[in-house]
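[1] Dropping a prediction and its sequence here:
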Amino acid sequence: MKSQDSPKQVLVIHGPNLNMLGKRQPAIYGTTSLDEINADLKRTAKTLGLMIETFQSNHEGEIVEKIQQAADTCNGIIINPAAYTHSSIAIRDALLLLKAPIIEIHLSNIDSREAFRRTSMIADIATARIAGFGPRGYVMALKAMAEMISS
Ligand code: DQA
């Protein structure tokens, strides 16, 4: 983790198929693209005085490596593991390396969909979860993260 006075670093990870947001099942995930979500996050980070990095991958191992690289440097992770939420012990194990807060985020309310989406491999190790607010949830998560980091 960085020293007290350097800007706090937040990593936002988007899992598989989230690069298709805007085109992908818009009735469930909305019409906002991932680029628009990331741009919104960057604007909000500026107003909050945070450094932000966004990362998307369709590959489990790449997400694991990104978390490993960030483990010692980032002050908070916001992660939507997408379909890996329901299956990835590898992503869970990587997140266990972190001392920083973890916000699990989903565009949809995963508890109100198919039964298999109710299982999250990271629910019990995340500090908090935001789900069901669509793309707006990301800015909500970032603001919540800023509060958590500063308190
Ligand atoms: C999702 C929900 C997951 O079940 C699904 O596989 C996704 C997106 C969401 O943001 O609502 O890809 O994580």
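    Great, that's in hand.
[2] quick one: low-confidence parts of this protein?
    1-4 (pLDDT under 70).
[3] Residues of it that sit close to the ligand?
    Applying C-beta under 6 Å from any ligand atom, one finds that the chain approaches the ligand through 17, 80, 82, 83, 85, 106, 107, 108, 110, 117. Quick note: C-beta positions are derived from backbone N, CA and C, even for glycine.
[4] The third one: what's it in contact with?
    Contact analysis of residue 82 by C-beta atoms under 8 Å, 6 or more residues apart in numbering lists 14, 15, 16, 17, 18.
[5] Do I have it right that residue 106 meets residue 133?
    No: when contacts are counted by C-beta atoms under 8 Å, residue 106 is not listed as touching residue 133 (9.0 Å).
[6] quick one, which of the two is more surrounded?
    residue 106 (22 against 16; other C-beta atoms under 10 Å).
[7] Please report phi then psi for that one.
    Backbone torsions for residue 106, taken as degrees, to the nearest 10, come to phi -140, psi 140.
[8] Please name the bridge partners of it.
    residue 131 (DSSP bridges).
[9] I'd like to know how far it sits from residue 18.
    The spacing between residue 106 and residue 18, counted by C-beta to C-beta, to the nearest Å, is 10 Å.
[10] Spit out the residues that contact those two alike.
    Joint contacts of residue 106 and residue 18 (C-beta under 8 Å, 6+ apart) are residue 80.
[11] which SS state does the residue minimising distance to the centre of the chain fall under?
    By C-alpha atoms, centre = their mean, the chain has its centre lying nearest to residue 79, at 2.0 Å. Recorded secondary structure, residue 79: strand (DSSP: H, G, I helix; E, B strand; the rest coil).
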